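J.: below is the sequence, then the predicted model.
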Amino acid sequence: RSFYGMPADSQWKRPDGDDDEDDIPFNKELDYSMDNVIVVDNLPIVPPEKVEKLINVLVKLYSKIGNIVQDGQGVFMPMDPNTNESKGFAYVEFEDVQCAAQAVEQTDGHKLDKAHVFRVWRFNEVDRILQVPDSYQAPPPPQYRERGNLRQWLLDDKARDQYVIRYADESEIFWNDGPETKEEERRVFERKKWTDTGHQWSPHGTYLATFHRPGLRLWGGDTFEAAGRFMHNNVKNIDFSPCERYLVTSTWADRPNDKEEAEGVIIWDVRTGEKKRAFKNEGPKDKPMEPFKWSFDGQYFAKIATDSIQVYSAEDMKLLDKKSFKLPGVREFRWSPAQNVFAAFIPAQDAGQSPARVVIVEVPSRTELRQKNLFSVADTQMYWHPDGTYLAVKVDRQKSKKTTTYSFELFRLKERDIPIEVLEIPTQVVNFAWEPKGHRFALVHGDPPRVDISFYTMLKEGKAQVTLLKTLEKKPVNEVFWSPAGHHVVLAGMKSLNGILNFFNADDMEAMCEDEHFMCTDICWDPTGRYICSYVSAFRQPMENGYVIWNFAGKAQLRVNKDKFFQFIWRPRPPSLLSGKQEREIRKALPEYSAKYQEEDRKAKELAASAATREKEAKRAAFEEGEARRKALYLEWQQDRRQLRGCLTDDEDNYELVEETFEEVLEMKEERI
């Protein structure tokens, strides 16, 4: 049908015969879609005298989203002639389609009261809903798709590690191989515009996460195929449970006036993609909510609430025992890396009448294992040893307006009654770091930029006693990076100290090498502790972007410069399946293994050298082949040259050079002065 219901081929004329083009109507198909109409179901069933009141409630609600046709009169509520009551649903017609779509999104699930929760859909979906059969018919199960071995990289013959880099809009994954290996041979995977903001590995290296505007994607396997999709609009931060079973995605508004997401934090099942639970951001909508922290085995996750710590069970995603851990005034807490125990700091209260304290609590029993009162506290920071053996609490005490003292409260978690030792530090503490596998820690203290680095041990001749091992004086250092295997540490001068790197052997207490990576912004060890990477990220420094891979002794293995270089992340490894006894046996047989791998390295270098030699020989052969081809052409064209030259010689110098000058008058002009 055409405009006004007239046939499309009919001729329309004004009665007075004046055919003004502006007055002639254009042909237009009628719109039967009804996309601007929504159906609001699960309304209260009311008698006629209450219909108007209920309609006014709907008008007030939906007028905030968009304009309703006929100045709010576009709400129709059908009545049941048999009962003379409403049927429990209504139609709302908006002036445009976009408002109808927003109304469905924003009010589906709206709670009018305890008994009535709105179910809202488009009018066009009514037919589809009516066609749903009364009896449930299970859909056919999806066809199984083999993802391959998600941990295939662990079977590498050379036991190499992988890393991912991002620069400009490119992402690449490489093997960490020797300097003699070509880039093409090291590259595992590459993809352009793979992520919007960055990458993140899962704790065991099984998955690689990429961030996108609609949500998050996981990739894995030999060819990094899609392994999961999690829809959470504008996701900004993610966190895996230590066992990789759950994934937490977080988002918040970019600005205070932006629209806030209804679900600020969502917890997902990684394997199935099921949404396990969602939390609303209870704080400012342009700030992230208090993050969840996972227990070491992924059984529990917790966050700080008002005067309490809320611990949830990952099994059912509910509050443990349906109640929080009451700790009035609690400001900070940290899980132990080795057992279901957390340490919490509670500041002083009642104007100092109640001292600050550190408490260690067991989960799920809620047993308080240890408590320590602290007086005159200005600031604290807690550091768990990576295997949960020790807990160090740095305490800054404000003695007067100009005097601050520094000390460490050192808890021994594996000993009876958890004894505590106090270590007084005479100068300002800049940094602290535990040795991952061992009993030592490094302490950076003093007045920057040149500070002292002190090494301590928690054991003296096998007895529990904090002992100073050595102090390095007046060094340009502000960061400490222990190898994951212990024994070696990099003392770094980052940011304003221009990337000074001191590779230090903590066993012999001597420096192995000192070098520099100018403007270095980040440093990270590989999972084995054999290599360390320093890089300059464009996020923090727009110039000198790129990365350097060093061995543990400070010898540069690979230098790469790339403009707009953003990210370098080693691929983590899962925990070892070997027992402590098996690891000790392997260390005893290390010379035998070392000889084997040294021989393999020697053969690899010889192969690389022979490959380089073969490449040179191939280039020489190609050059000689070209020379032979050019010589053959030279001889082939000999007769033509002789005819052109008029003689029988091929001597290029046997000719007479004749110069001739021709002059021609192009124009003559006479001027009288």
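T.: Perfect, thanks for sending it. Because the structure is a prediction, the values reported are computed rather than measured.

J.: residue closest to the middle of the chain?
T.: Centroid check for the chain by CA atoms, centre = their mean gives residue 200 as the closest residue, at 3.7 Å.

J.: mind listing the residues bridging to that one?
T.: For residue 200, the beta-bridge partners are residue 209 (DSSP bridges).

J.: thought it was touching residue 238?
T.: Yes. Counting by CB atoms under 8 Å, residue 200 does reach residue 238; the two are 6.2 Å apart. (Each C-beta comes from the backbone N, C-alpha and C, glycine too.)

J.: thinking again about what came up before, so who does the residue nearest to the centre of the chain touch?
T.: 208-209, 238, 569 (CB atoms under 8 Å, 6 or more residues apart in numbering).

J.: follow-up on the earlier one: and for residue 200 and residue 238, which residues touch both?
T.: Joint contacts of residue 200 and residue 238 (CB under 8 Å, 6+ apart) are residue 209.

J.: give the next helix or strand downstream of the lengthiest helix in the chain.
T.: Longest helix in the chain, counting residues (DSSP state H): helix 590-636. Moving toward the C-terminus from helix 590-636, the next helix or strand (DSSP states H and E) is helix 638-645.

J.: and the angle from the longest helix of the chain to helix 638-645?
T.: With axes from the mean of the first three to the mean of the last three CA atoms, to 10 degrees as the basis, helix 590-636 and helix 638-645 are set at 50 degrees to each other.

J.: can you pull out the helices in this protein?
T.: Per DSSP H, the chain carries helices over the ranges 48-62, 69-72, 97-107, 126-130, 183-186, 580-588, 590-636, 638-645.

J.: and those helices as JSON lines, adding mean neighbour count, mean pLDDT and distance to residue 314?
T.: What follows is these, written out as JSON lines (neighbours: other CB atoms under 10 Å; pLDDT from 0 to 100; distance: least, CB to CB, whole Å):
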{"stretch": "helix 48-62", "mean neighbour count": "14", "mean pLDDT": "92", "distance to residue 314": "38"}
{"stretch": "helix 69-72", "mean neighbour count": "12", "mean pLDDT": "82", "distance to residue 314": "49"}
{"stretch": "helix 97-107", "mean neighbour count": "17", "mean pLDDT": "90", "distance to residue 314": "30"}
{"stretch": "helix 126-130", "mean neighbour count": "10", "mean pLDDT": "78", "distance to residue 314": "36"}
{"stretch": "helix 183-186", "mean neighbour count": "11", "mean pLDDT": "91", "distance to residue 314": "38"}
{"stretch": "helix 580-588", "mean neighbour count": "10", "mean pLDDT": "86", "distance to residue 314": "28"}
{"stretch": "helix 590-636", "mean neighbour count": "10", "mean pLDDT": "85", "distance to residue 314": "39"}
{"stretch": "helix 638-645", "mean neighbour count": "11", "mean pLDDT": "79", "distance to residue 314": "88"}
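
J.: just put those helices in TSV and tack on distance to residue 176.
T.: Compiled in TSV, these are given as follows (distance: least, CB to CB, whole Å):
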stretch	distance to residue 176
helix 48-62	59
helix 69-72	65
helix 97-107	47
helix 126-130	54
helix 183-186	8
helix 580-588	21
helix 590-636	14
helix 638-645	58
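
J.: tell me which of the ones you listed lies nearest to residue 329.
T.: Nearest to residue 329, of all the helices of the chain, is helix 97-107, at 38.2 Å by CB to CB.

J.: just give me how far that closest one sits from the chain centre.
T.: Distance of helix 97-107 from the chain centroid (CA atoms, centre = their mean, to the nearest Å) equals 32 Å.

J.: restrict that helix to CA atoms and write it as CSV.
T.: Output of helix 97-107 as CSV, limited to C-alpha atoms (Å, rounded to 0.1, in the frame of the first residue of the first chain):
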residue,chain,number,x,y,z
VAL,A,97,12.5,2.7,18.7
GLN,A,98,15.7,3.6,20.6
CYS,A,99,13.7,4.5,23.7
ALA,A,100,11.8,1.2,23.5
ALA,A,101,15.0,-0.7,23.4
GLN,A,102,16.4,1.2,26.4
ALA,A,103,13.1,0.6,28.3
VAL,A,104,13.5,-3.2,27.8
GLU,A,105,17.1,-3.1,28.9
GLN,A,106,16.6,-0.9,32.0
THR,A,107,13.2,-2.2,33.4
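
J.: my read: residue 547 touches residue 566, true?
T.: No. Checked against CB under 8 Å, the pair residue 547 and residue 566 is beyond contact range at 10.8 Å.

J.: which one of the two has more residues nearby?
T.: residue 547 (24 against 19; other CB atoms under 10 Å).

J.: that one and residue 521, how far apart?
T.: Applying CB to CB, to the nearest Å, the value for residue 547 to residue 521 is 10 Å.

J.: what of residue 567?
T.: Distance, residue 567 to residue 521, using CB to CB: 11 Å.

J.: what touches both of those two?
T.: Common contact partners of residue 567 and residue 521 (CB under 8 Å, 6+ apart): residue 537.

J.: those two: which has the busier surroundings?
T.: Legend: neighbour count by other CB under 10 Å for residue 567 and residue 521, higher for residue 567 (21 against 18).

J.: what bridges to the more buried one?
T.: Residue 567 has these beta-bridge partners by DSSP bridges: residue 166.

J.: wait, isn't it in contact with residue 170?
T.: No. The criterion here is CB under 8 Å, and residue 567 misses it with residue 170 at 11.1 Å.

J.: beta partners for residue 346?
T.: Going by DSSP bridges, residue 346 forms beta bridges with residue 357.

J.: quick one: contacts for it?
T.: With CB under 8 Å, 6+ apart, residue 346 has these contacts: 327-331, 356-359.

J.: nearest to residue 496, of the contacts of residue 200?
T.: residue 569 (24.8 Å).

J.: list the buried ones in stretch 131-150?
T.: In terms of neighbour count (16 or more other CB atoms under 10 Å), stretch 131-150 has its buried residues at residue 150.

J.: show me the biggest strand of the protein in terms of residues.
T.: In the chain, assigned by DSSP state E, the strand with the most residues is strand 463-475.

J.: so how far is that strand off the chain centroid?
T.: From the chain centre to the centre of strand 463-475 is a distance of 37 Å (CA atoms, centre = their mean).

J.: ditto for stretch 296-305
T.: Centre-to-centre, stretch 296-305 and its host chain are 20 Å apart (CA atoms, centre = their mean).

J.: give the residues shared as contacts by residue 547 and residue 521.
T.: Residues touching both residue 547 and residue 521 by CB under 8 Å, 6+ apart: 535-536.

J.: tally of neighbours for residue 201?
T.: Neighbours of residue 201 under the rule other CB under 10 Å: 18.

J.: report the contact partners of it.
T.: 164, 207-209, 569-572.

J.: 6 Å instead?
T.: 208, 569, 571-572 (CB atoms under 6 Å, 6 or more residues apart in numbering).

J.: could you measure from it over to residue 524?
T.: Distance from residue 201 to residue 524, counting by CB to CB: 11 Å.

J.: go on, residue 86?
T.: Residue 86 sits 65 Å away from residue 524, going by CB to CB.

J.: likewise for residue 220?
T.: From residue 220 to residue 524 the distance is 21 Å (CB to CB).

J.: so for these two, which sits in the more crowded spot?
T.: The residue with more neighbours, out of residue 220 and residue 524 and counting by other CB under 10 Å, is residue 220; that gives 22 against 15.

J.: what's opposite that one in the beta bridge?
T.: Going by DSSP bridges, residue 220 forms beta bridges with residue 225.

J.: do you know the pLDDT at it?
T.: With respect to pLDDT, residue 220 has a value of 93.
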